[in-house]
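Visitor: With the input below, show me the fold.
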Amino acid sequence: MSTPHVSLCLPDHERELLAALVSPWRDLLYAPGPDLTSPLDPGAYRTSLVIVPVAGTAIRISSMIMPAFGGEICRVRLEALPHDPPSSLGSFFDLARTGTVYALTPERGVAPARPPDRAEWRYGAVSLASRLGRISGIRVLRERGRGAAGSWEADRGLAITGADGNSCLVLGMAEPGEATLFLPTLGLYRAVVDPAAARQPGVTVSDLLGHGDRDDPVEIAVELHAV
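Guide: Numbers count the residues shown, from 1 in each chain. Next comes the predicted model:
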């Protein structure tokens, strides 16, 4: 008897949205807040993204999560926004646009909007406009996993090549919420998109994709498919 298999690949209508992103971008937006950065993973940002093409509708990229085989599998999800992106979002292109966050005040017990005054709550590195204002290609990162309870395939991420020829990575993740993991520079995650990249001792592709804590061992492989 064959073991159960789960497929979490992008449906056709999301693939159409993805193809529309291989075009000039006007902005790349994020949700500021306390979960944006982590001292354990410098240079990585945990947030849903909103891409604003020069022409066409804005597209949100988040994570879709499914419990399966004693753990969770997930994929990236693309949604066209029916309205302009909210002003509460910050920008990876325009560093003056930091967005707003909500914080309870003991005096009033309400949550007024305010700028993200903590540096770790907002993006503060160099603008990505020159790199990602023009996209030369996008590849879908497909994860194939197999364990004792079953197997799966999932479109885990997007490897996005900018005008300078370098890639950044968007990965679907199980937490927090519907956030993705956005890596403007690949760092350790180069091993996920480049099989020839040197491996760091003690860090496997399975670990980088979030499967290192599973109770049962699983086999993980990745494929890259051009859009």
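Visitor: Tell me, how many residues neighbour Leu188?
Guide: A total of 16 residues lie near Leu188 under the criterion other CB atoms under 10 Å. The C-beta positions use only the backbone N, C-alpha and C, and glycine is treated the same way.
Visitor: Hmm, it is touching Gln200, no?
Guide: Yes. Contact criterion CB atoms under 8 Å: Leu188 and Gln200 qualify, at 5.9 Å.
Visitor: Who are the contact partners of the closest residue to Asp194 other than its chain neighbours?
Guide: Distances taken as CB to CB, 6 or more residues apart in numbering put Leu186 closest to Asp194, at 8.0 Å, once the chain neighbours are dropped. Shown in contact with Leu186 (CB atoms under 8 Å, 6 or more residues apart in numbering): Ser167, Cys168, Leu169, Val192, Val193, Asp194.
Visitor: all strands for the chain, in order.
Guide: Per DSSP state E, the chain carries strands over the ranges 5-8, 25-30, 45-47, 49-53, 59-68, 71-80, 90-91, 101-102, 113-114, 135-146, 151-162, 167-172, 180-183, 219-226.
Visitor: got these as TSV, with mean pLDDT, mean neighbour count and distance to Tyr123 columns?
Guide: Listed next are the strands of the chain as TSV, based on pLDDT from 0 to 100; neighbours: other CB atoms under 10 Å; distance: least, CB to CB, whole Å:
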stretch	mean pLDDT	mean neighbour count	distance to Tyr123
strand 5-8	93	14	29
strand 25-30	98	22	6
strand 45-47	96	24	7
strand 49-53	97	21	11
strand 59-68	93	18	16
strand 71-80	93	20	20
strand 90-91	98	24	6
strand 101-102	85	16	13
strand 113-114	83	11	17
strand 135-146	95	18	19
strand 151-162	96	23	16
strand 167-172	96	24	13
strand 180-183	96	24	10
strand 219-226	93	14	26
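Visitor: Which one of those strands lies nearest to Glu14?
Guide: strand 71-80 (4.5 Å; CB to CB).
Visitor: and the angle for that closest one with strand 151-162?
Guide: With axes from the mean of the first three to the mean of the last three CA atoms, to 10 degrees applied, the angle from strand 71-80 to strand 151-162 works out at 40 degrees.
Visitor: Now tell me what touches strand 71-80 from outside.
Guide: If you take CB under 8 Å, 6+ apart as the criterion, strand 71-80 is touched by 6, 8-10, 14, 17-18, 57-66, 143, 145, 152, 154-158, 170-174, 178, 180, 211, 214.
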